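Undergrad: sequence and predicted structure are below.
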Amino acid sequence: MSSNATKINPYTNKAYSANYFVQREQALALPVASALPDLLSAVANNNVVIVVGETGSGKTTQLPKAVLEQLQKDGRRLALTQNRRLAAQLVAARIAEEMDVPVGTVVGLRHRGCDLVGKATRLEVVTDGSLIMAAKADPKLTGYSAIVIDEAHEHSVATDLLLGLLKELAVQRQNDLKIIIMSATIDADLFGNFFPGSVVKTVSGREHKVLLSYLASPAQSSVDTIVETILQVHMFGRSGNILVFAPSVGEIFKIIKMVEEALGGTRTRLGPEDVGPMSCWPLHATLSPDAQERAVHAVAPARCNGRTGRKLIVATNIAETSITLTGVTHVIDSCKVKSKIWNVEDESWCLREQWVSKAAARQRAGRAGRTREGMAYRMCTEGGFHEQMLEHSVPAIMEGDMLRECLDILKMGRSPLTFPYIIAPATETIVKALGILRQLGAIDAKGGSLTSRGMEITRLPVDVYSAVVLLDSPRFGCSDEMLSLISMMEASEGGKQLFLTAFTDEEKAQIAKIRNYFKHPSGDHLTLFNIYTAWRSASSAGTADAFLKENKLLGAILKSADSTRLQLLRILYRHESWALRFMSPLRLDYYNLMLKALAAGNYLRVAKRESKSEPKKFTTLSNSAVARVETSLGPPSGANEWVMYNEYASDGNTKRFLRCVSAIPPECLVSAQPGYWRDPEFLPHGHIRDSLVKVIANMTGGSEDFIRGGMPNAPSGTS
DNA sequence: CTCTCCCT
């Protein structure tokens, strides 16, 4: 020990700490340790190496660290990607501890809102989205001599785009860049075939056996069957915590309520005498970080009357990858997931519940075998599992609208139609996305290349339409107000996640009353703005906490809006053509100008009311679809003949909805983007076109300035 | 009467 203790850490030129030797012992015991020499020689002799390793192999921390020592010390770095911020933080901390350095020195960490990369950094742990950002600024990624993509099997959009880019860099930077793709499942063929000349290496993992159990016949009610299974396991199963995968938050609450009723008490009370105590915890992303923390770290109740005490966690798929729970030996899997899917044909989004893939079900079951042998109960028949479920989950790139991705690909100097996708989205989706981007002025009408507006949009981390609003907003004198409003839209998902979850009818009524208090008659957008403004003034008065509590608002959402706002402001400030402008709330046209600024980016998302007798039924201008308004903060009131919306959604059948909606005077629409509206030829003949023609005729009859748009008067605030 | 999950 004493001779070891004198060893010098080459990265710090200081003696290693005692902890270093403890960490090194543990690292040497990982399954990947014995495979390292072989992996390193594969990396030395090949440009692209695919590493397939099961969870628990230790590949994520050990391989990048070892590769780093092989690389030339020329100041260039090794990038190691993760699909989530939390994962990136944990991996960076782990590697830094093993190398006996603090994060931010030799080991760096980078993701949105965090830049711990310095001159000394040689190994950079980064989210895949953040590496895409870097690739947009430098498409050859010249600052890196090695890139390690982790969790490639998850097929996040950013990872799939990076793989396409790396396929080309593997040729362009043949002797200059090492590429390592790490994946957990066995679609090694996919990656191996994608990179010509690559080698595939397999590393064994270390997981305990998980026994599988299926239903004898398909479940009539999934919730009832899950609750029955929970009670069976609790009464007769061996000790250990129970983790349930439910498809949605609604089901989580139903399950917990039913279990508590069956056990005859509230959360931690003792059940009937022959059953031990069980504490129930919900776990999902809309829970505050505090509540998530409590669910993860709560200790199972003690054994009572000789009966086992247990902790029951009912989670969405957040527990599949993002959060690791300890002490779980029983997994009950609904085998269902929800995913948001883009329908190119009518440009609608649909949240659909589907069977999980076999790969996802295996991942879920594996959560029961982290500490010792476990059990997994699947809420489907064995035949159904093998015959009906897909082998792998559908990659995210195939379910999205490709708007932002097309811009990103163009910014990386490639064409969205010929990009070497590892999994290609439908050509129709790409063509549609390019069409929308052309209408928004982000790409050229002819060549399909990025316009200067398109370039600016790629730098703004918001919805593409909202980016247009932000870039255009100084024209209306309210860029400051739009920054707040758009940041709120991003943070709260259009107002969906803003208030605490209401359990009782009383709480629901309370929240409805609060909503009503902040409500602007035009609808969702300005209501969000009102809430943000009220919170900001409470903050500067030092009463933010009381304000949040009183109004049952989620502080995390408002804080995240605030940090998004600051990030956007920093980016926009660098644009020469952009200026921070704000208005006096006393102006008569205060709210009208904000609606106009919103209309400048949302002019492709406008609908008109069918008739006065059906106040919620609207027809979209883009594809003449009939949809109902479904607002999160209360419907627009008054003469809401025209509305703009942020989401056009489908129930998967015949129903269509407009979400995040505001009423807008048609004159505002026209004057915000006169070039687009001047000539309503693009609309099919009918009542919408007729009324628009009438509106425009009345406006041209008036002042020319009005239709030309922009600020009729000088803005009241400029800075 | 609807709200899976991440990322910039």
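TA: Here it is on my side, so go on.

Undergrad: excluding its backbone neighbours, what's nearest residue A:593?
TA: Counting by Cβ to Cβ, 6 or more residues apart in numbering, residue A:593 lies nearest to residue A:476, which is 5.0 Å off, once chain neighbours are set aside. Glycine gets a C-beta too; all of them are placed from N, C-alpha and C.

Undergrad: any idea how far residue A:673 is from the one you found?
TA: 11 Å (Cβ to Cβ, to the nearest Å).

Undergrad: helix or strand for residue A:158, just tell me which one.
TA: Using DSSP states H and E, residue A:158 sits within helix A:157-172.

Undergrad: pull out the buried residues from that helix.
TA: Buried positions in helix A:157-172, judged by neighbour count with 16 or more other Cβ atoms under 10 Å: A:157-170.

Undergrad: again, but for stretch A:251-262
TA: Buried, per 16+ other Cβ under 10 Å, within stretch A:251-262: A:251, A:252, A:253, A:254, A:255, A:256, A:258, A:259, A:260, A:262.

Undergrad: need the three-state assignment for the first one.
TA: Just to be clear, that refers to residue A:251. Under DSSP: H, G, I helix; E, B strand; the rest coil, residue A:251 falls in the helix class.

Undergrad: now do the contacts for it.
TA: Contact analysis of residue A:251 by Cβ atoms under 8 Å, 6 or more residues apart in numbering lists A:222, A:223, A:334.

Undergrad: nearest to residue A:203, of the residues you listed?
TA: residue A:334 (31.4 Å; Cβ to Cβ).

Undergrad: following the helix or strand encompassing residue A:471, which helix or strand shows up next?
TA: Secondary structure from DSSP H and E places residue A:471 in helix A:464-472. Past helix A:464-472, further along toward the C-terminus, the next helix or strand under DSSP H and E is helix A:479-492.

Undergrad: returning to what we had before: what packs against the helix holding residue A:158?
TA: If you count contacts as 3 or more Cβ pairs under 8 Å, 6 or more residues apart in numbering; DSSP states H and E, helix A:157-172 packs onto helix A:128-137, strand A:144-149, strand A:178-183, helix A:188-194, helix A:403-411.

Undergrad: switch to 7 Å and redo it
TA: Applying 3 or more Cβ pairs under 7 Å, 6 or more residues apart in numbering; DSSP states H and E, one finds that helix A:157-172 makes contact with helix A:128-137, strand A:144-149, helix A:403-411.

Undergrad: out of these, flag the one nearest DNA strand B.
TA: Smallest distance to DNA strand B across the helices and strands packed on helix A:157-172 (Cβ to the nearest atom of the strand): 3.0 Å, for helix A:128-137.

Undergrad: how about that closest one and DNA strand B, touching?
TA: Yes - contact of helix A:128-137 with DNA strand B is found when judged by Cβ under 7 Å from any atom of the strand, involving A:128, A:129, A:130, A:132, A:133.

Undergrad: out of these, which is most surrounded?
TA: Among the residues of helix A:128-137 next to DNA strand B, the one with the most neighbours (other Cβ atoms under 10 Å) is residue A:128, at 26 neighbours.

Undergrad: spatially nearest residue to it (excluding sequence neighbours)?
TA: Per Cβ to Cβ, 6+ apart, closest to residue A:128 is residue A:158, 3.7 Å.

Undergrad: let's have the helices and strands packed on helix A:157-172 in a markdown table, adding distance to residue A:278.
TA: Shown next, in a markdown table, are the helices and strands packed on helix A:157-172 (distance: least, Cβ to Cβ, whole Å):
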| stretch | distance to residue A:278 |
| --- | --- |
| helix A:128-137 | 39 |
| strand A:144-149 | 41 |
| helix A:403-411 | 44 |
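
Undergrad: dump those into TSV; add distance to residue A:205 and mean pLDDT as well.
TA: Formatted as TSV, those follow (distance: least, Cβ to Cβ, whole Å; pLDDT from 0 to 100):
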stretch	distance to residue A:205	mean pLDDT
helix A:128-137	22	95
strand A:144-149	18	96
helix A:403-411	32	96
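
Undergrad: closest one to residue A:667 among the ones you listed?
TA: helix A:403-411 (28.6 Å).

Undergrad: what residues sit buried inside stretch A:14-29?
TA: Of all the residues in stretch A:14-29, those buried under the rule 16+ other Cβ under 10 Å are A:16, A:20, A:23, A:27.

Undergrad: just the ones of those residues in strands?
TA: Among those, no residue falls in strands (DSSP state E).

Undergrad: and of those, the nearest to residue A:564?
TA: residue A:23 (36.8 Å).

Undergrad: that closest one contacts residue A:96, correct?
TA: No - Residue A:23 is not in contact with residue A:96 according to Cβ atoms under 7 Å; the separation is 10.4 Å.

Undergrad: below-threshold pLDDT in chain A: ranges please.
TA: For chain A, applying pLDDT under 70 flags the ranges A:1-6, A:186, A:265-274, A:632-639, A:700-719.

Undergrad: find the centremost residue of it, please.
TA: In chain A, the centroid-proximal residue (Cα atoms, centre = their mean) is residue A:84; its distance is 8.9 Å.

Undergrad: next, it: phi, psi?
TA: phi -130, psi 150 (degrees, to the nearest 10).

Undergrad: same check on the one 10 residues further on?
TA: Dihedral angles phi and psi of residue A:94 (degrees, to the nearest 10) take the values phi -60, psi -50.

Undergrad: the closest residue in space to it that isn't next to it in sequence: what's it in contact with?
TA: Excluding its sequence neighbours, the residue lying closest to residue A:94 (Cβ to Cβ, 6+ apart) is residue A:61, at 5.3 Å. Each residue near residue A:61 by Cβ atoms under 7 Å, 6 or more residues apart in numbering is listed here: A:91, A:94, A:95, A:98.

Undergrad: how about residue A:61, secondary structure?
TA: Going by three-state DSSP: residue A:61 is helix.

Undergrad: how near is it to DNA strand B?
TA: 18 Å (Cβ to the nearest atom of the strand, to the nearest Å).

Undergrad: do the same with residue A:480
TA: Counting by Cβ to the nearest atom of the strand - residue A:480 and DNA strand B are separated by 21 Å.

Undergrad: returning to that earlier point: my guess is the residue nearest to residue A:593 contacts residue A:595. True?
TA: No - contact status for residue A:476 versus residue A:595: not in contact, 9.5 Å apart, counting by Cβ under 7 Å.

Undergrad: next, count neighbours for residue A:181.
TA: 28.

Undergrad: how many residues are close by residue A:593?
TA: 23.

Undergrad: kindly apply the preceding question to residue A:533 instead.
TA: When neighbours are counted by other Cβ under 10 Å, residue A:533 registers 17.

Undergrad: ok, now which ones touch it?
TA: Shown in contact with residue A:533 (Cβ under 7 Å, 6+ apart): residue A:484.

Undergrad: now the strands for the stretch 451-600 of chain A?
TA: Here the stretch 451-600 of chain A has its strands, by DSSP state E, counting those that start in this stretch, at A:581-582.

Undergrad: which bits of it sit near DNA strand B?
TA: The stretch 451-600 of chain A comes close to DNA strand B at residues A:461, A:462, A:490, A:493, A:496, as judged by Cβ under 7 Å from any atom of the strand.

Undergrad: export the helix holding residue A:471 as PDB, just CAs?
TA: Output in PDB follows, covering the C-alpha atoms of helix A:464-472 (Å, rounded to 0.1, in the frame of the first residue of the first chain):
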ATOM      1  CA  VAL A 464     -39.300  25.900 -35.100                       C
ATOM      2  CA  TYR A 465     -42.500  28.000 -35.300                       C
ATOM      3  CA  SER A 466     -41.700  29.700 -32.000                       C
ATOM      4  CA  ALA A 467     -38.200  30.500 -33.300                       C
ATOM      5  CA  VAL A 468     -39.800  32.400 -36.100                       C
ATOM      6  CA  VAL A 469     -41.900  34.300 -33.600                       C
ATOM      7  CA  LEU A 470     -38.800  35.200 -31.600                       C
ATOM      8  CA  LEU A 471     -36.800  36.300 -34.600                       C
ATOM      9  CA  ASP A 472     -39.600  38.500 -35.900                       C
END
